[in-house]
Each structure stands twice: as C-alpha cells, then as structure tokens.
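Chemist: Give me the fold of what follows.
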Amino acid sequence: MPQSKALAFALVAPALLFLAATLGWPLVQAVQLSLQDVRVIGAPGNFVGLDNYERVLANPAFWSAARLSLVWVVANAVLQTALALAVALVLNEKFPGVRIARTWVILTWIVPTVVVVVIWRWLFSTSGGMINPLLIQAGIVERPVGFFATPWTALATLVFINSWRWFPFIALMMLAGLTRIPDELYEAARIDGASPWQRFRRITWPLLAPTLGVLAVIGTLLSFNVFDIIWLLTSGGPAGGSRTLPVLIYETAFKGYRLSEAATISVLATLMLMAFAIVATRALDRSDDR
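Modeler: Have a look, this model is predicted:
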C-alpha cells in the first residue's frame, strides 16, 4: 500500500470504527434478538432459529404495513419533490427580500414535531379547525371533512403534513444545486430565444438531476423511517390505514409484547432499505459515468 493511501486509511480509521460501533453493533444485536423468543425487554430468551421470520412473513399485517410503507414513501417523494423544486426555483431568482425568504423557508423544518402535530391537528379538526370552514366557503365541500376518519384520507393527510414538514430541507439542497449552474448558460439561452420552459428542460433539469438523485435516495430512507408524526396523529389508524412498518414494529414490541418478532420486522425492513440503497447508488453511478 502506498504511503499516501496508508496515511489516508489511518486518518479515516477512527471514524470507521465509530460507525461500526454505533451502527453495526445494534444491527448485530437486532439479528441476534430476531433468532430468539424474547417477549419483553430484559427477559431471557431461547434460540428459535428462523421461526420468527416464518411467522412474520406469513402474517398479513406485515405485508399490509409493507404496502402502506411503499405508498407512503412514493407519495412523500412526489409531493416533497414537487414542492421543494417549486420553492427552490423561486428562491433562485433575484428579487427584493430573497435572502430573508431563504432564511424563513427553513422554519417549518426546525419546528419541533410535537408542535407541528398540535398545529395541524387543530387546523384539520372538524370542530373549530380552520381548514373545513375555508373549504366550505370556497364551495369545494358541503360539510366538514373528517381528514382522519377514513384510512385513505388519514394517510393522504399524513403525507401532506410530513411533506410540509420536510420539503424546506430538500428545497435548500436543491437551491444549493441550482446556484452551481453557471448564469452564462441561461444568458446564452435567452439570447438564442429560448423560453423559460426550454431553459428549464434543457439546462436546469439535466444539471440538477444528480442532486435530485441523491436527494431521492436520502429522502426515501428518511421517509420510510418516519414514526413520530404518524403515531402522534393517528397511532396507525383508523383501521390500520396508516400502520407503516415503523408503527407495526412499535406495536409488536411495546403493545403486543413480542420483542423478538419486532426485531425480525426491523431486520427485514433494514434489508429492504439496504437493497434499495444499493440499487439506487449503482443507478446514480451509471448515470454519472455517461
């Protein structure tokens, strides 16, 4: 090994060891727990092999939660990306107060989750909330809508709230990518008579695509693991309509007192995310090589 590579490895070795200890050890413990029959924290367990995996994979609740997690991730990705891209394009323009706007847009992301839940629960309430009166006055609905009353309306409302919570962070990441695009390209396109849509399609979108790809991977991993907003607003209901895999893991461990089974679901969810991350990373690498 060349001396420069050896020095580089020695410098990053402490960080790698720290990551191995903080990430690898809990994962090993989860795998070990999934192979036992522990029901509550601290209780002894016996080795049962793959029995927990057979039980989980045969449980319709697991596949229902996995399907809802997929819907949750895709819906959040679409809505967050659309909102973030629109805001980033606006903040990339030059207008009075743009610096203040760039600072204030991040406020929804730094607000504590509990505060976000309290605000939106009140806004969407059928008694005293502001959303229903506005919809009725606009003629969109004739009577108050129970946003958390049915499975699909509850899931759609949760997607909206979570996207509102996270899109400012993604917008700032997109804005950072937009600021790296040379202004000379836009000036040349304007001189050639390109319309705003043509400038976006030919310049902005291709040069922003690598940033969007990285954000898609990170956003998917973050959205998949969202638990606090779902649990605080619906607790996975109604009728399991918002019971994603993180919610199912919590219910299995701390309401059903089946800790090993919850660890099994965690391991399976981790394998899903790892497979997605590997495929997505390779796809990004291939796109960069073109």
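
Chemist: burial count for residue 212?
Modeler: 17 (other C-beta atoms under 10 Å). C-beta: built from backbone N, CA, C; applies to glycine.

Chemist: Mind listing residues that contact the strand or helix carrying it?
Modeler: With secondary structure defined by DSSP states H and E, residue 212 is part of helix 205-224. With contact meaning C-beta atoms under 8 Å, 6 or more residues apart in numbering, helix 205-224 is reached by 69, 72-73, 76-77, 80-81, 162, 166, 170, 173-174, 176-178, 180-181, 244-246, 269, 273, 276-277, 280-281, 283-284, 287-288.

Chemist: Could you do stretch 49-60 as well?
Modeler: 34-35, 37, 62, 260-261, 263-265, 268.

Chemist: Next step: those residues restricted to helices.
Modeler: Judged by DSSP state H, these include 34, 62, 260-261, 263-265, 268 as members of helices.

Chemist: could you dump those residues to TSV with neighbour count?
Modeler: What follows is these, written out as TSV (neighbours: other C-beta atoms under 10 Å):
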residue	neighbour count
34	24
62	20
260	24
261	25
263	24
264	27
265	26
268	18
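
Chemist: Report the two of these separated the most.
Modeler: Spatial extent of these (C-beta to C-beta) is set by the pair 62 and 260 at 14.3 Å.

Chemist: Any buried residues in the helix holding residue 212, and which?
Modeler: Across helix 205-224, burial judged by 16 or more other C-beta atoms under 10 Å covers 208, 211-213, 215-217, 219-220, 222-224.

Chemist: what mean pLDDT does the helix or strand following it have?
Modeler: Following helix 205-224 in sequence order, the next helix or strand is helix 228-233 (DSSP H and E). Confidence over helix 228-233, taken as the mean pLDDT, stands at 93.

Chemist: Likewise for stretch 62-82?
Modeler: pLDDT averaged over stretch 62-82 gives 93.

Chemist: can you check stretch 170-180 too?
Modeler: 88.

Chemist: Please save the CA atoms from it in PDB.
Modeler: Extracted in PDB, the C-alpha atoms of stretch 170-180 (Å, rounded to 0.1, in the frame of the first residue of the first chain):
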ATOM      1  CA  ILE A 170     -35.000  19.400   0.300                       C
ATOM      2  CA  ALA A 171     -35.600  22.800  -1.200                       C
ATOM      3  CA  LEU A 172     -32.400  24.200   0.300                       C
ATOM      4  CA  MET A 173     -30.500  21.200  -1.000                       C
ATOM      5  CA  MET A 174     -31.900  21.800  -4.500                       C
ATOM      6  CA  LEU A 175     -31.200  25.500  -4.200                       C
ATOM      7  CA  ALA A 176     -27.500  24.700  -3.500                       C
ATOM      8  CA  GLY A 177     -27.500  22.700  -6.700                       C
ATOM      9  CA  LEU A 178     -29.200  25.500  -8.700                       C
ATOM     10  CA  THR A 179     -26.600  28.000  -7.500                       C
ATOM     11  CA  ARG A 180     -23.800  25.900  -9.100                       C
END
